[in-house]
Each structure stands twice: as C-alpha cells, then as structure tokens.
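S.K.: Task: produce atomic coordinates for the following.
(4 chains)
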There are 2 protein chains.
Amino acid sequence: MTLNNNMNYKSEKEFLNQYDAKEFESPLVTVDLCIFTLIENDLKVLMVKRSSFPEKGKLALPGGFIDLNSDSSIEETALRKLLNKTGVKSPYLEQVSTIGNKSRDPRGWSVTTLYFALLPYVDVIGANEFGDEVKWLSMEDVAINSMAFDHKELIHLARKRLSNKVSYTDIGFHVLPQKFTLSQLQKAFEILMDHKLEKKSFRRRMMAADLVQELDEVSAERGRPAALYQAKSKQPYFFARSL
Amino acid sequence: MTLNNNMNYKSEKEFLNQYDAKEFESPLVTVDLCIFTLIENDLKVLMVKRSSFPEKGKLALPGGFIDLNSDSSIEETALRKLLNKTGVKSPYLEQVSTIGNKSRDPRGWSVTTLYFALLPYVDVIGANEFGDEVKWLSMEDVAINSMAFDHKELIHLARKRLSNKVSYTDIGFHVLPQKFTLSQLQKAFEILMDHKLEKKSFRRRMMAADLVQELDEVSAERGRPAALYQAKSKQPYFFARSL
DNA sequence: CGAATAGTGTCTCTCAGACAGTATGAA
DNA sequence: TTCATACTGTCTGAGAGACACTATTCG
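M.R.: From the prediction side, this is the model:
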C-alpha cells in the first residue's frame, strides 16, 4: 500500500514511473463465448472438452485469458478465440454480460465477460490447437450434461439474450447461408426465438423492412420451388414492434 | 509458465494447491458507475473530482477496484460504490457493458465493467470518504468538460442504453419520488428518452399496463390540481411496442 | 389426380397518433 | 374572466393476426 499511495507524487509522469500494477490483488479475468448455429433446424452451441485443470474433462465454453501482449481489446480476445475454434473471422458478435464473483472458479475471485456469436453452420475440426475436443452441442444436450464452472448458466444467459434480441432485430439472418428462402428464414427466426410465427405477417414485415433482395433463382425441394433471397441489411435493423 | 502447466498434476486438488494466481499477467479490473437522476427536469450524472493520480484533478465516474476480500461479486462492488457516494442502498442498477483495452488507462491494460443507476434526487454530501469532491453534473456540462480516462464515452454508452431502455420498459419510474402526477411521469420519460410523447397515448398505455395506483391526494401547482399516483410495478415491465 | 410446399387476398381488431374539447384550480 | 394546467372523447390510419385461398412442383 505504500508504493501506490500517490499523495506523494508531483506529476502524473512520476507517478506512472513508480506504479506497480501487481500491488493490488486482482481477480482472474477471462472471456467466454457462446457460439450458436443452426444445424438442420436444431440450435447448437459450440463446446470444448477441457484437457487441463481445473475442471479437467468437463465440457466448457470456448474462451480463456486475455493475452495482454497480442490482444488490444477484449473484443479482440473474443474474436481470436472464435477464429481459432471455428475458422470464422467476422461473425455476428455481441457482448452479453460480465459475471464476476468469488465462487465461480476454484482458483479464486474470477471475472468473465460473456459474448455470444451467431454463425451459419461450419464444420469444426474436432480438435483445436491445444488438443481440446471441440463440438456442436444441441440445447437438449446442454440441459442434460454437467458443465465446467458456471458455464451452464452462462449458456442460459446467452440463450435468453438471443431469443429476446431475435424478436426485435434482424440478427437472425446471421445463422443462414448467403442464399435462403423465406420459409428457411422464418424457420430460423422461430427456432432462435422459440416462438411460432404467422407466415403472412412475417413476410409482410420482412418486405416492409426492406431486409431482403429477391434473386433470380429458386430452391427446389418437395413441393413448389421457393424463391431464393439474400440479406440486404447494411445496418442492424430494429423492428418497432417485436415479432 | 512451468508452475501452471497442469499436465503434470494428478488431481484437481493437487493442481489447486500449487496454483499461483499471479503467474499470468492480468489486466487492471474496475467497476464504474453512471448514476443518473433528474433535478428540475434536467438529467444529471454523478461525477467525482479525482484527488489522486492518475488523471488527478479531472472529473471521473464514481467507481474503482473490486475489493477481493469484502466484495463477493461485481454487482456488490457497484452497490458499495453507489452507497458510499449517495447513501442509496437499492437503486435501479443495470450492467451496461464491459470495456477492456490496452489504451484506456495509462497504468496499462485495463478492464472496466460499467453500470448505470437510476435514482430519485438525493443531495450528495459534496465529499466522500476519500475527500473527493462529488457532484451532479448536467448532460450539457458533460459535453463541455474534459474527463478522466474514457469516461465521457462511458457516459454516452450509458446514456444511450438509458434512452433505449426507457422507451420499452418501466424503468423510468425510478427517477421519481414515491408520489407523482402523470404529467411528471410523462415529463420524466420524455427527458430520459429525449423524445416528446403524446399525452393521451401515454396515459392510455400506463393505464393499460396497470403500472400506477391512483391515490386520494392531489398536487396543486399552477392550474388544475393533478391526481397523485404511486408505482405499482412489482416486476420490471416491458412494453410490446416502444413508446 | 393428390401431396407438399410456396405464396397471396382480405377481413377484423387493436391501438398509437392527432387534436379538439371539457374540467378545475388560482389570480 | 382569464390563464394555466389536468384530463377525456373520438376519429383515423397503420398494421398484426387469422385463415382461407391460389400457385407450382413431383409423383
């Protein structure tokens, strides 16, 4: 407490020269990611099997410590973790919340900033650079598996934010491939929101909001072929009334 | 890097016994508060004049380091800071965002979790326990004063979240005293949202949402006396359409 | 033709917006 | 009576919800 007792310094420069960042005890700081995608109309979260202590062997969210030398912001930490687990560079990424308390990590007082990401489906290699096993877990499996730290709660936090936000913005587009049909779009929104939608209203609103661009192609499955569209949105869009 | 290289440990317990939290370089971690109130129909933010380095003499948001011994969560840190600057124990408090990067604090890589609070007006004592000067600053003064660290940006972040959230929830009630008239309520919403509202619609919606309880008292100023109301809300309320 | 899926027409009901009109106090 | 502010009545238009209807493919 003596070194940083800065009443004695005459200038900011002098103070900073003497400053020792290690003097105050500080918590562990991590960034965790809840990466969502849709695989065959099923919502999935990316999970990692921990290969080292603590919580070795358990499922956990991708994430970890900030690298003070290479990361210049926590957002960058999040993007780095996401890139090396999925190979994706520019997903939809949003900060959910920061959870900090003394009981969530057995190593001591710990703070984590939770992000969620939304991606079109990508195949994950199965193992990342540390040899941890990486896989897409469905929400049903999230419910029944035990998880490291408070990660199950983190997933629920992110899931809630996701449902909510999908219902009044256009972020739902981010789980789809470049080209999609309006039925696929609606289905995606329904799953993300966990809420059925009326076909006519949905289409009316997408058109009114001018969010999609019709293409000269069709997608043929069973039944009448469906027109293909692509997302138009430049800016994130907010609906005046929720869906 | 040798001590925490945990491949060598046989059990979680053994690992934790050997774990040294100081081995990884970690960022500075703080909590900052943007405490809003309304004084005579003017939006104010609580500011502190820093009495010590760094940024000595500049205006800053109340906040500071987590006390790992006495705080059991970051929310508690926020409440503690709020209590000792304002004397208020249970305000409306919401986490806005966590900002972390290597340039925001001259001492080095720094992470802050920003909260905003909403209070009915309270007189602040003028100086808090560290002898820092504490005062309510109007938003116009926020614009023209220079501030410590990135605190001006933090205020703008919090201000934006506030406007937004007021427009689709009932949090605006928290800046009013226990008893208030509907005109006062509407005025408060208008200032917080920075957006005029239609009188009839506003009243219709408050009634429809069942958010207020009429009292048997009136408030007499100029003109016709107005009925006094009190807030009914038990749960936070979300409007289906924004105001 | 029927099954399956895409896409439209249109009625109804809710509710925000606008704004004029009425009520009740003080000077 | 005038003014200031509180409060209400009521018309209009936008748009969500419901749901039946038509369209286009495959077998």
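
S.K.: Can you give the domain ranges for chain A?
M.R.: As assigned by automatic domain parsing, chain A contains the domains A:28-165, A:171-231.

S.K.: got the end-to-end distance for the shortest one?
M.R.: For domain A:171-231, the separation between the terminal residues is 11 Å (C-alpha to C-alpha, to the nearest Å).

S.K.: so for that domain, what's the average pLDDT?
M.R.: Averaging pLDDT along domain A:171-231 gives 96.

S.K.: Could you list the contact residues of chain A toward DNA strand C?
M.R.: A:181-183, A:199-200, A:203, A:221-227 (C-beta under 7 Å from any atom of the strand). Yep, even glycine has a C-beta here, placed from its N, CA and C like the rest.

S.K.: ok, the nearest residue to residue A:95 once chain neighbours are set aside - how many residues close by?
M.R.: Leaving out its chain neighbours, the residue that sits closest to residue A:95 by C-beta to C-beta, 6 or more residues apart in numbering or on different chains is residue A:115, at 5.4 Å. As a burial measure, residue A:115 scores 27 neighbours (other C-beta atoms under 10 Å in any protein chain shown).

S.K.: Across the sheet, point out what pairs with residue A:115.
M.R.: residue A:33, residue A:95 (DSSP bridges).

S.K.: so what's it up against?
M.R.: Contact analysis of residue A:115 by C-beta atoms under 8 Å, 6 or more residues apart in numbering or on different chains lists A:31, A:32, A:33, A:34, A:78, A:93, A:94, A:95, A:96.

S.K.: just for chain A, where's the confidence low?
M.R.: Low-confidence segments of chain A (pLDDT under 70): A:1-9, A:12-16, A:20-23, A:125-131.

S.K.: For DNA strand C, what is the nearest residue in it?
M.R.: DNA strand C sits closest to residue A:223 of chain A, with a gap of 2.3 Å, by C-beta to the nearest atom of the strand.

S.K.: where's that residue, which helix or strand?
M.R.: Taking DSSP states H and E as the definition, residue A:223 sits outside all helices and strands.

S.K.: still on that earlier bit, which of the contacts of residue A:115 sits closest to DNA strand D?
M.R.: residue A:94 (24.1 Å).

S.K.: Any figure for the gap between the closest residue to that closest one other than its chain neighbours and DNA strand D?
M.R.: Distances taken as C-beta to C-beta, 6+ apart place residue A:116 nearest to residue A:94, at 5.8 Å, with adjacent residues excluded. Distance, residue A:116 to DNA strand D, using C-beta to the nearest atom of the strand, to the nearest Å: 25 Å.

S.K.: Enumerate every residue touching residue A:212.
M.R.: Residue A:212 neighbours (C-beta under 8 Å, 6+ apart): A:182, A:185, A:206, A:229, A:230, A:231, A:232.

S.K.: give me the number of residues near the nearest residue to it once chain neighbours are set aside?
M.R.: Spatial nearest neighbour of residue A:212, excluding adjacent residues (C-beta to C-beta, 6+ apart): residue A:229 at 4.2 Å. Neighbour count of residue A:229, defined by other C-beta under 10 Å: 22.

S.K.: Residue A:229: what's it in contact with?
M.R.: A:179, A:180, A:181, A:182, A:185, A:212, A:213, A:214, A:215.

S.K.: Could you tell me which of those residues are located in strands?
M.R.: Mapping these onto strands (DSSP state E) picks out A:179, A:180, A:181, A:212, A:213, A:214, A:215.

S.K.: Counting residues, what is the longest helix that chain A contains?
M.R.: helix A:151-166 (DSSP state H).

S.K.: if I look at residue A:135, how far off is residue A:146?
M.R.: Going from residue A:135 to residue A:146 by C-beta to C-beta, to the nearest Å gives 16 Å.

S.K.: oh, I was asking about residue A:179
M.R.: From residue A:179 over to residue A:146 the distance is 40 Å, taken as C-beta to C-beta.

S.K.: quick one, which of those two is more surrounded?
M.R.: Under the criterion of other C-beta under 10 Å, the comparison of residue A:179 against residue A:146 puts residue A:179 first, with 13 against 8.

S.K.: wait, residue A:203 sits on residue A:182?
M.R.: Yes - with contact defined as C-beta atoms under 8 Å, residue A:203 and residue A:182 form a contacting pair (5.8 Å).

S.K.: Checking residue A:37 next. Helix, strand or coil?
M.R.: strand (DSSP: H, G, I helix; E, B strand; the rest coil).

S.K.: my guess is it contacts residue A:82, does it?
M.R.: No - checked against C-beta under 8 Å, the pair residue A:37 and residue A:82 is beyond contact range at 11.9 Å.

S.K.: how about the strands in chain A?
M.R.: Using DSSP E, the strands assigned to chain A run over residues A:28-38, A:43-49, A:59-60, A:63-65, A:92-101, A:110-118, A:133-138, A:179-181, A:212-219, A:226-231.

S.K.: Of these, give the one that comes closest to residue B:102.
M.R.: Among the strands of chain A, strand A:28-38 comes nearest to residue B:102, with 13.2 Å by C-beta to C-beta.

S.K.: what residues does chain A put near DNA strand D?
M.R.: A:197-201, A:204-205, A:208, A:218, A:220, A:222-225, A:240-241, A:243.

S.K.: hmm, 10 Å instead?
M.R.: Counting by C-beta under 10 Å from any atom of the strand, the residues of chain A close to DNA strand D are A:195-209, A:218, A:220-226, A:239-243.

S.K.: and these near chain B, which?
M.R.: Of the residues in those, proximity to chain B by C-beta under 8 Å from any C-beta of the partner chain holds for A:240, A:241, A:242.

S.K.: is the second one in a bridge, and if so with what?
M.R.: Counting by DSSP bridges, residue A:241 forms beta bridges with residue B:241.

S.K.: I'd like the distance between it and residue B:189.
M.R.: Residue A:241 is 19 Å from residue B:189, where distance means C-beta to C-beta.

S.K.: Also residue A:99?
M.R.: Note on residue A:99: its distance to residue B:189, by C-beta to C-beta, is 31 Å.

S.K.: so what's the most centrally placed residue in chain A up against?
M.R.: Nearest residue to the geometric centre of chain A (C-alpha atoms, centre = their mean): residue A:116, 1.7 Å. Residue A:116 makes contacts with A:33, A:34, A:35, A:36, A:93, A:94, A:96, A:158, A:161, A:162, as judged by C-beta under 8 Å, 6+ apart.

S.K.: most surrounded residue in the residues you listed?
M.R.: With neighbours taken as other C-beta under 10 Å, the top of the contacts of residue A:116 is residue A:33, carrying 29 neighbours.

S.K.: So that residue sits against residue A:74, correct?
M.R.: No - contact criterion C-beta under 8 Å: residue A:33 and residue A:74 do not qualify, at 11.4 Å.

S.K.: so who does the residue nearest to residue A:25 when sequence neighbours are not counted touch?
M.R.: Excluding the flanking residues, the one nearest residue A:25 by C-beta to C-beta, 6+ apart is residue B:68, at 5.2 Å. Residues in contact with residue B:68 (C-beta under 8 Å, 6+ apart) are A:25, A:26, A:27, A:102, A:108, A:109.
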